[in-house]
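A.B. asks: Here you go, sequence then predicted model.
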Amino acid sequence: MENAAHKRQEIPAGSNAPFGAGFTDPVFDSQKVFKIIMDAMASPGSVKNVDVPCDNPAAIHPATAAVCLTLFDSDTRVWLSDSGKQLADWLKFHCGCPIVKNTEAAKADFAIITKESPFPGLDIFPVGTPECPDKSATIIFEAQSLQKGVNYRATGPGIMEANHFSVTGLKGELIDYMEGNKTIFPMGVDAVVTGETSLVCLTRTTSIRNLKICT
Amino acid sequence: MYVAVKGGERAIKNAHKALGKKRRGDVGVKELSVRQIQEQLPHAVDRVMTEGSLYDPELAALAIKQACGDLIEGIFLLRAYRTTLPRFISTRPINTDKIDITRRISAAFKDAPGGQMLGPTFDYTHRLLDFSLLEEKEPEEDCAGDCGEDREDNPPISRIVDFLDKEGLVEKLADRTKYELPGDLTREPLLFPVDRDVRLQNLVRADEGFILSMGYSSERGFASTGGHPFVVELRVGEVDVEIVPEELGFTVCIGEITVTEGDVVSVYSGSDKAPPQFARGYGLVFGYGERKVISMAQVDRALRCRELGEDIESPVQDEEFVLSHSDNVQATGFVEHLKLPHHVDFQGELEVLRRMRDEWEVRVEKRKRLMDQTAQNDKGQGETCNVM
Amino acid sequence: MQRNVNNDTEALLSDIAKIENEPGYNHAFLDEQTKRMVRRAILKAVAIPGYQVPFSSREMPMPYGWGTGGIQITASIIGKADVLKVIDQGADDTTNAVSIRGFFAKMAGVATTEKTSEATIIQTRHRIPEDKLTRAHTMVYQVPVPEPLRWVEPRETETRKMHAHSEYGAMHVKLYEDIARHGRIATSFDYPALVDGGYIISPSPIPKFDNPKLDMSPALQLFGAGREQRIYAIPPYTKVTSLDFEDYPFEVQKWEDCCGLCGATTSYLDEIILNDDGDKMFVCSDSDYCQRRCEAGHKGPFADDRISDEQGERNAS
C-alpha cells in the first residue's frame, strides 16, 4: 500500500547509472522528511511512514535514502557498514558527505548499518562527553520491515504511556545495546531504525521492552 | 484610553515611511550616491567591511547609506546579507609578503630594508577644522599630482619581525608555508577554550571601540604581563586573493583586496620550556584600519596568556569575557531588545515587588514597635538601676 | 478594542516584501545547508531533553535578541502544510510578532493565524497560550539567555561542567537566599525547571504562571537562542518540575482582578494604566483567548469602554 503511491525506484547494484534521482523537490521534500524524523525522535517507538519519493541504491531502504538526503552534507562524517562502492558513491554524489574509514568510526556523526550487514558492535561510535553529550553519533539501523515481527514496547520522554512497534529482521543486539546506552545518560547514541519506507526512532532516554513474538 | 496595547501594523508601516524620509533628509539637497560614499568615506566603508566580514566596498557603501551613517547598523546589514551567500570555495591564505604597499611603518627600528613610508595618514596632521572643505570644489593638485606613493615594480618587502626571528629573539611561528583550513565561527559555534585562529577571527569581526578599549586597558596596566607593546611593523596595501579550484589543481588569482596588517611584540619573560623572548600579537583588517589592527594585536597578545603560561589577572586576558562581548551586532541586538515590550515579565515583577513591599512595611512597623518597646524597657531599667 | 489583524496587514506585508522578497532568497530565508545544521541540532536537542546544543547561529535580518533563535528554528522546520502563529507577550498584535509573522508569510509563503487551535507552529516570546496545546502543535520559544545558571556563574566553561555533573546546589542556594531575605522565592519569570529529572533549563522568560504548562505537554517544545547559539527541547509528555522546597512549594501568580474585557479569572493578566491619576485595569495577555471569550459573550467590567479599531490605529500611529 505505502509503496503504491511512490514513483521511486531502486538503483540495482552494479548499475551503470549509479546515482538515480535525489528528491524531486529538494527544499520541500527534505523539509517533509525532516518533519517526519523530528516527530519520530519526539515520540520514540512510534513508526512513521516516509511518504516522500526518491531513488535508493540497492544496499539501503528507501527510508534510509530519504534520511540521508535530508540530514547529510559536507559537514557530516558518515560511517558505513557496507563496503560496496555504490552506496559510498551515491552518498558522495547526492550529499557530498565525507565517508570515514572503517577504523575511524569514533569520528562519525552518523553511521549506517545496512540491512545485509552484521551487527558491528556499537561501542565503536562516539557517545559524546558529560560536558558535550551532543558530540555523539546517530545510528541509522536497517531492519527488514517495521510492519510486523517482534513486538516492542517503548517508554520514556516523548511517550504518553507507551509506544508499540514491530520489527522484522532487526539484529537483537541493538535493543540490548540501547538498554545499556540508557545507563550512560546524558552520553549515548540515538538510533533511527528503518524498514522499507518506514522508520522508528529510539533515543538515549528510551526504555525498550521485548513483548511476545507474533507474526 | 488604552491604545498602548495595540501594536498596530499601521504604526510599523508609518515608521518605515518616516525612516525613509529621515534618510533622504532635505529634498532640496542632492541625494548622496553610493559611489560618493565608497570614494569619499573610505574609512567608514572599510570598517563596515571588516566588522561585516565581507569584502565588497560597493555593498558596504550601500549599507552605510541605508543605515543613514549608523555604522553598526551598516555592519549588521552587511552581515545579514552575507548569511545568504553560498560558499563556493575557500581561498588560499593571502600572502602579505607580496603586498603592494601604500603605507608601511615600524616603530621598533629607525629604518629597515624597504624603508618607512607614511602614505595617506592622519598622523602628523594638525587637527584643525579645514574650513575650505565647507565649499564643494573642483579636484585640485593634492588630488591629482604625485604624492610619492607609487613604488617601482613593487619588489617583495621583508617582514621586519623576521629580523628578530633570525636572531631568535621572537617566538617561532608554525611554518607559514604549511596550510590548514582555519576554524570559522560563522559556521561553528564559539566554544571555550578557543584556538588562536578562531580568536583572531573573533577579534577582526569585533567592535572597533570595544577592542580599542580592551587594548588600551592592557597598556594602562590592566594586564599584569607582557611588558610594553612595540609596533614592529604596520603595513597597508593590496594583496592578491588566490584559489586552487579542485578540478584545475593550480593557483588562480581572482582579485585584489586592500588590507592593513600589524605585528606587535612585547617581552615574554619565559618559562621552564621557553627562553625569555618577544611574544607576538597579530592584527589584520580589510582596507585601512590601523587603530583596529594595533589594538587587535594587543588583545591577541594579552589573550595568549593561557598558551604562554602567564597569570590571568585582568579583563583583557579573560578569553571568555573578551570574546563573548566583542561582537557589536550581538551586543547591539541584545541591548536594544530592551526596547521590545516586556510587560508580561514586568507584571510578574510588579506583583512580587508589591507583595515584598507590603511585607517589608509590616516588618519595619513590627521592628519599630519592638524597638520602641525595648527602649521603653531600657529606660525603665535605667531608672531602676539609678535607684539601685 | 478589536485585536484582530486589520485590513492593513496586506499592505504591510507587501511593504515588507518590497524590502525583503528580493529574488534569490531561499524558502524561509535560510539556505539548505544552514537548515540541515539547525535540523541536526534540533534532533540532538530532542534526544537529550533539556541539554543546550551549541549550533552555529547565523546572522538574520532581525537583530540578535529579537527572536533570531526562534526564527532560525521556525525557518528550519516550517513547510507548506504549516500554519504559523506568532505571539509576543501573549499577543498576536504586538509589533515584533507582527514583524516576524510578516517575515514568514512572505519568505516561506505559509498560512498564518491568530488562533491557537488552527496553528501547527507557534513561535512565542515570553508566554504560552492559555488554550490547551495538542500533539499537533510545535512550540518555538525565543530565548534571550538559555543558561539557567548564568546568574549563579557567568562563565560558560564552568556552567557546562555544572550541568555535566548535575551540580545544581548553587541554584537551590540562590532560591533559598530569596526565602531567607524575602520570605518567599522572589523569581517571578524565567523560573528554573528540571526536565525529566536531568537538566535544569531556563524556560525562556515566561512568567512562572506558565511553568506548569511545560509539564507533560502534548506539544513538542523547541527553544532557540540565536545570540547565545543554543537550541534545547522538551519532548512531548515529558516531566518538567519547577524547582522548589518542601516547606516552600512552587506556586504561581494570582490576581484579585479579572480581565477587564472578557472577565477571565484564570488567565495571565497585563496591567494597563488608564489615565494620569494612575487608575488601572487588567486584560488577558493572550489576545486570541480574550477575543474568543469576548465573542462568546463574556464580559468584563470594561467591556463596554472598548474603542473602535480605527481610532486605536489612529492613536497608535
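C.D. replies: Arrived safely.

A.B. asks: So if we follow the domain assignment, how does chain B break up?
C.D. replies: With domains defined by automatic domain parsing, chain B comprises B:9-83, B:96-126+B:150-337, B:346-376.

A.B. asks: Now tabulate the ones you listed in CSV and tack on distance to C:Ile128 and mean pLDDT.
C.D. replies: No exception for glycine: its C-beta is placed from N, CA and C like everyone else's. Compiled in CSV, the domains of chain B are given as follows (distance: least, CB to CB, whole Å; pLDDT from 0 to 100):
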stretch, distance to C:Ile128, mean pLDDT
domain B:9-83, 24, 95
domain B:96-126+B:150-337, 20, 89
domain B:346-376, 14, 90
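
A.B. asks: export these to JSON lines and tack on mean neighbour count?
C.D. replies: As requested, these are exported to JSON lines (neighbours: other CB atoms under 10 Å in any protein chain shown):
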{"stretch": "domain B:9-83", "mean neighbour count": "18"}
{"stretch": "domain B:96-126+B:150-337", "mean neighbour count": "17"}
{"stretch": "domain B:346-376", "mean neighbour count": "13"}
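
A.B. asks: Which among those is found nearest to C:Glu153?
C.D. replies: domain B:96-126+B:150-337 (11.3 Å; CB to CB).

A.B. asks: before we move on, back to that, for A:Pro12, which of the domains of chain B is the nearest?
C.D. replies: Closest among the domains of chain B, using CB to CB: domain B:96-126+B:150-337, at 29.9 Å.

A.B. asks: Pipe the domains of chain B into CSV and attach distance to A:Asn102 per row.
C.D. replies: Shown next, in CSV, are the domains of chain B (distance: least, CB to CB, whole Å):
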stretch, distance to A:Asn102
domain B:9-83, 37
domain B:96-126+B:150-337, 25
domain B:346-376, 56
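
A.B. asks: Confirm that B:Val161 sits in a strand.
C.D. replies: No. Counting by DSSP: H, G, I helix; E, B strand; the rest coil, B:Val161 falls outside a strand, being helix.

A.B. asks: I'd say it and B:Val232 touch.
C.D. replies: Yes. Using CB atoms under 8 Å, B:Val161 makes contact with B:Val232 at a distance of 4.8 Å.

A.B. asks: Could you check how far B:Met296 is from chain C?
C.D. replies: Counting by CB to the nearest CB, to the nearest Å, the gap from B:Met296 to chain C is 21 Å.

A.B. asks: just to revisit the earlier point, can you pull the residues that touch both of B:Val161 and B:Val232?
C.D. replies: B:Asp263, B:Val265 (CB atoms under 8 Å, 6 or more residues apart in numbering or on different chains).

A.B. asks: which other residues reach stretch A:123-136?
C.D. replies: With contacts defined as CB under 8 Å, 6+ apart, stretch A:123-136 is touched by A:79, A:105-108, A:111, A:137, A:139, A:181, A:184-190, A:204, C:41, C:44, C:48, C:51, C:53-54, C:160-161, C:163-165.

A.B. asks: what's the first-to-last distance across that stretch?
C.D. replies: Length of stretch A:123-136, first residue to last, CA to CA, to the nearest Å: 11 Å.

A.B. asks: Just give me how far it sits from the chain centre.
C.D. replies: In terms of CA atoms, centre = their mean, to the nearest Å, the centre of stretch A:123-136 is found 18 Å from the chain centre.

A.B. asks: Could you do stretch B:275-289 as well?
C.D. replies: On CA atoms, centre = their mean, the centre of stretch B:275-289 falls 15 Å from that of its chain.

A.B. asks: Which ChimeraX command selects the buried ones in the contacts of stretch A:123-136?
C.D. replies: To isolate the buried members of those in ChimeraX, using 16 or more other CB atoms under 10 Å in any protein chain shown:
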select /A:79,105,108,111,137,139,181,185,186,187,188,189,190,204 /C:41,44,48,51,53,54,160,163,164
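
A.B. asks: mind listing what's buried in the top helix by length along chain A?
C.D. replies: If you go by DSSP state H, chain A has its longest helix at helix A:26-42. Neighbour-count burial for helix A:26-42 flags A:29-42 (criterion: 16+ other CB under 10 Å).

A.B. asks: List the contacts of it.
C.D. replies: With CB under 8 Å, 6+ apart as the test, helix A:26-42 has contacts from A:23, A:46, A:48-50, A:52, A:54, A:66-67, A:69-71, A:158, A:190, A:192, A:199-201, A:203, C:26-27, C:32, C:35-36, C:39, C:42-43, C:46-47, C:76-80, C:220, C:233, C:235-236.

A.B. asks: what about it, distance to the chain center?
C.D. replies: Distance of helix A:26-42 from the chain centroid (CA atoms, centre = their mean) equals 13 Å.

A.B. asks: go on, stretch A:107-118?
C.D. replies: Centroid separation for stretch A:107-118 versus its chain: 8 Å, with CA atoms, centre = their mean.

A.B. asks: what does stretch A:74-81 give?
C.D. replies: For stretch A:74-81 - counting by CA atoms, centre = their mean - the centre lies 13 Å from the chain centre.

A.B. asks: which element follows the longest helix of chain A toward the C-terminus?
C.D. replies: strand A:48-49 (DSSP states H and E).

A.B. asks: For that following strand, enumerate the helices and strands it packs against.
C.D. replies: With contacts taken as 3 or more CB pairs under 8 Å, 6 or more residues apart in numbering or on different chains; DSSP states H and E, strand A:48-49 sits against helix A:26-42, strand A:198-202.
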